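> Below are the sequence and a predicted model for it; my questions follow.
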Amino acid sequence: MSDISSSISELKEMMKKFVKERDWTVYHHPKELAIALSIESNELLELFLFENRTLDEIQGNPKLMKMISGEVADVFAYLLSIVNTLNLDLTSIFTKKMEKNREKYPFTEFYGNYTKK
Ligand SMILES: [Mg+2]
């Protein structure tokens with residue numbers, strides 16, 4: 001499977017099946033999942049703590065890339081679990097948010113700049 005060949009709904013189903021097979025649904029309250037998502041995000045952040053690697057140095061380090069990939073997958077797994085628990089349509093909420101972001105940060109004002117001119 002790769003990004004080219006997979007769909008969000010397939011990944012949501014994969015996560016749902018994994019949780020159901022282990023009878024973990026009872027632990028998947030949105031609060032617990034939000035906490036777990038934050039913890040996994042911080043595990044990702046920890047990989048960069050006290051480091052000042054360039055993008056090339058990061059991508060050229062297979063061991064680090066493997067650890068980053070693992071944490072990114074953990075973050076995504078909990079994100080999918082929150083989406084599943086709350087019956088959210090990830091594509092719909094993401095596209096609506098991106099629409100809002102395009103209005104909030106028009107490229108004519110924010111091109112190459114995170115702050116308003
Ligand atoms: Mg982790």
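Yep, it's here. Numbering: from 1, shown residues only.
> mind checking pLDDT for Gly60?
Here, the pLDDT recorded for Gly60 equals 98.
> One more: Lys117?
66.
> what are the phi and psi values for His28?
For His28, the backbone dihedrals (degrees, to the nearest 10) come out as phi -100, psi 50.
> Spatially nearest residue to it, not counting backbone neighbours?
The shortest distance from His28 to any non-neighbouring residue, by C-beta to C-beta, 6 or more residues apart in numbering, is to Thr85 (5.0 Å). C-beta here means a position set from N, CA and C on the backbone, and glycine is covered the same way.
> what ranges of this structure fall below the confidence cut-off?
Low-confidence segments of the chain, defined by pLDDT under 70, are located at 117.
> Quick one: name the residues of it near the ion.
Residues of the chain lying near the ion by C-beta under 5 Å from the ion: 40, 43, 71, 74.
> Select from those the one having the most neighbours.
Using other C-beta atoms under 10 Å as the neighbour criterion, Glu40 leads the residues of the chain next to the ion with 20 neighbours.
> For the ion, give me its nearest residue in this structure.
Going by C-beta to the ion, the ion is nearest to Asp74 of the chain, at 3.8 Å.
> Buried residues in the strand or helix carrying that residue, which are they?
Assigned by DSSP states H and E, Asp74 belongs to helix 62-85. Neighbour counts over helix 62-85 (16 or more other C-beta atoms under 10 Å) mark 64, 68, 71, 74-75, 77-85 as buried.
> separation between the residue of the chain closest to the ion and Ser38?
Distance check for Asp74 against Ser38: by C-beta to C-beta, to the nearest Å, it reads 11 Å.
> Likewise for Lys66?
22 Å.
> Nearest to the spatial middle of the chain, which residue is it?
For the chain, the residue nearest the mean C-alpha position is Phe76 (4.2 Å; C-alpha atoms, centre = their mean).
> Please tell me how far the nearest residue to that one once chain neighbours are set aside sits from Met67.
In space, Phe76 comes closest to Leu11 once its chain neighbours are excluded; the distance is 7.9 Å by C-beta to C-beta, 6+ apart. Leu11 sits 21 Å away from Met67, taking C-beta to C-beta as the criterion.
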